[in-house]
Structure formats: structure tokens, C-alpha cells
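*Asks:* Attaching a predicted model along with its sequence, questions to come.
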Amino acid sequence: METATFAAGCFWGPEVSFSKVTGVTKTAVGYIGGHIDNPTYRDVCTGTSNHAEAVQLEFDPEIVSYDKLLNIFWACHDPTLINRQGPDIGTQYRTAIFTHSDDQMAQAEASKANLGQSGLLGQPIATTIEPAPTFWRAEEDHQKFFEKRGMMHGH
């Protein structure tokens, strides 16, 4: 099993997108890339902890490639927006790929470059790509948020 971590705005919607993928065995939403330990949703929402809302997943690379996961990441949010997605504004909604190996880093860089050169987005990609620091699992009421409320379609 491998781990992948993506920040694509509010984490509830992306978790739904990734949890539907065959080969993804586990998903969790949480906070990553900030400067305090054990941040709460409140800490993250104020923007002062500098964490991003992120989805961390476990996947079987024999069944689903990291490249396919990258394609889902690009498709489930607007990677040209800086620190916002839709009505959500702030550094916690930044677009970022947190890599867990040199191989993931290389694939993420190549995927970003290909998408950028394709001209499909019409604007530069704001997504940062960086080695994954500690991922802090969010409070239980944020896990599988839409599923718990019978809304599997996401935002």
C-alpha cells in the first residue's frame, strides 16, 4: 500500500471523489503543512496555524496508479486559484500536493507541467508540490462528512 496526500480546498468534497476510486482502500481528512501540533478545525479556520485542509489516502498501486490519482486531484478543484475554492477563502484552502517519495514528487511535477502546457486551464497552476510533513487527522465529525449526512455527491 502507498499513501497519497492532496489539498484541494475544503476537504469534504475531495474525500468523496477519492473514496469512490477502485484501489483506494482508505481515506481520511485532516490538516497538513502548518506550524502547530494537533491543530483543531477552529485553529485551521482562522488561518493562523497555516495548515491546509487535505485528504490522505491509502491506495494499492497495482490497482490504481498515482498518476490516475493526480488526474482526479486536478479535476476535483480549480488548481489555478490561490488560497480559495469557490466561496472558501484562506490559506487553509490552498491547492497542494504533498508527496511521500521521490517517485511521487517526480510524477506530480510531470503531471503539473503537462497540464500547464496543455493550456486547458487558461491560467497558471497555483498548486504547490512539497514533501509531506505530519498529517493531523481532523476531528471525527469531519470524516466522511457527506456520507454521514446522506449526501454522497459532495459540494
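*Replies:* Now that the structure is in, tell me what you want to look at. Only a predicted model underlies this, so the values are computations on that prediction, with no experimental measurement involved.
*Asks:* Next, give phi and psi for residue 95.
*Replies:* Backbone torsions of residue 95, given as degrees, to the nearest 10, read phi -100, psi 120.
*Asks:* Which pLDDT does the model give it?
*Replies:* If you check residue 95, the pLDDT there is 97.
*Asks:* what's the answer for residue 152, then?
*Replies:* pLDDT, read off for residue 152, is 61.
*Asks:* what ranges do the strands span in this structure?
*Replies:* 2-8, 24-32, 52-59, 84-85, 88-89, 95-99, 128-131, 135-137 (DSSP state E).
*Asks:* wait, isn't residue 8 in contact with residue 77?
*Replies:* Yes. With contact defined as Cβ atoms under 8 Å, residue 8 reaches residue 77; the gap is 3.8 Å. For the C-beta atoms, the positions are set from N, CA and C on the backbone; glycine is no exception.
*Asks:* Just give me the neighbour total for residue 127.
*Replies:* 24 (other Cβ atoms under 10 Å).
*Asks:* and the gap between it and residue 137?
*Replies:* Note on residue 127: its distance to residue 137, by Cβ to Cβ, to the nearest Å, is 23 Å.
*Asks:* Which helix or strand in the chain has the lowest average pLDDT?
*Replies:* Every helix and strand of the chain was ranked by mean pLDDT, DSSP states H and E. The lowest is helix 145-148, at a mean of 86.
*Asks:* With just CA atoms, put it into PDB.
*Replies:* What follows is helix 145-148, C-alpha atoms only, in PDB (Å, rounded to 0.1, in the frame of the first residue of the first chain):
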ATOM      1  CA  PHE A 145     -18.800  14.300   6.200                       C
ATOM      2  CA  PHE A 146     -21.200  14.000   3.300                       C
ATOM      3  CA  GLU A 147     -21.600  10.200   3.700                       C
ATOM      4  CA  LYS A 148     -22.800  10.700   7.300                       C
END
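*Asks:* let's have the chain start at 35 instead
*Replies:* Done: numbering now begins at 35, and the last item shifts to helix 179-182.
*Asks:* circling back to that earlier point, higher neighbour count, residue 42 and residue 111?
*Replies:* Between residue 42 and residue 111, counted using other Cβ under 10 Å, the more crowded position is residue 42 (29 against 22).
*Asks:* Show me what the more buried one bridges to in the sheet.
*Replies:* Per DSSP bridges, the residues bridged to residue 42 are residue 129.
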